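In: have a look at this prediction, sequence included:
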Amino acid sequence: MEAQAAMPTEERVREALCTVDDPEVGMNIVDLGLVYRIDIAPERVRVELTMTSPACPMGDLITDNARRAVGAALPQDVAVDVLLVWDPPWTPDRMSESARQTFGWPR
């Protein structure tokens, strides 16, 4: 029973990712729609995320920060893989409603 309590959940991973901001815009990567996928296995969590542009100079920093945030929220024996992906390309449609409102972008 205890092993299941320690099992990573998508909600816990997503909460950790909400603490990771894109420093260029000062908003978390979940609300920006940069998190594409979260895969959970008992001993591994894999996160796929993207940047708003392949030319984004913050890609390595954001990826490293995401890896640290997720790793800190999970038991030490759970491996964390954070991969930067480009397909499909990011669009503002992926942003949360609050993020679109912050930037003045209609739905």
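Out: Perfect, I can see it now. Numbers count the residues shown, from 1 in each chain.
In: pull the longest helix from this structure.
Out: Secondary structure assigned by DSSP state H gives helix 59-73 as the longest helix of the chain.
In: buried residues, it. List them.
Out: 62-63, 65-67, 69-71, 73 (16 or more other CB atoms under 10 Å). All C-beta atoms are positioned from the backbone trio N, CA, C, and that covers glycine.
In: over to stretch 11-21?
Out: 12-13, 16-17, 19-21.
In: what's the answer for stretch 47-61, then?
Out: In stretch 47-61, counting by 16+ other CB under 10 Å, buried: 47-52, 56.
In: what sits up against that stretch?
Out: Outside stretch 47-61, the residues that touch it by CB atoms under 8 Å, 6 or more residues apart in numbering are 13, 17, 22-24, 29, 32, 34-39, 62-63, 66, 70, 80-86, 89-90.
In: how about stretch 90-100?
Out: 27, 30-34, 50-53, 103, 105-107.
In: kindly recompute the last result at 10 Å.
Out: Residues outside stretch 90-100 that contact it (CB atoms under 10 Å, 6 or more residues apart in numbering): 25, 27-28, 30-36, 49-54, 56, 88, 101-103, 105-107.
In: wait, a strand at Ile40?
Out: Yes: counting by DSSP: H, G, I helix; E, B strand; the rest coil, Ile40 is part of a strand.
In: so what does the helix or strand that contains Asp81 touch, helix or strand wise?
Out: According to DSSP states H and E, Asp81 maps onto strand 79-84. For strand 79-84, the packing partners by 3 or more CB pairs under 10 Å, 6 or more residues apart in numbering; DSSP states H and E come out as helix 10-17, strand 35-41, strand 44-49, helix 59-73.
In: returning to what we had before: turn the buried residues of stretch 47-61 into a markdown table, including pLDDT and distance to Arg94.
Out: As requested, the buried residues of stretch 47-61 are exported to a markdown table (pLDDT from 0 to 100; distance: CB to CB, whole Å):
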| residue | pLDDT | distance to Arg94 |
| --- | --- | --- |
| Val47 | 98 | 15 |
| Glu48 | 98 | 13 |
| Leu49 | 97 | 11 |
| Thr50 | 97 | 9 |
| Met51 | 96 | 12 |
| Thr52 | 91 | 9 |
| Cys56 | 88 | 15 |
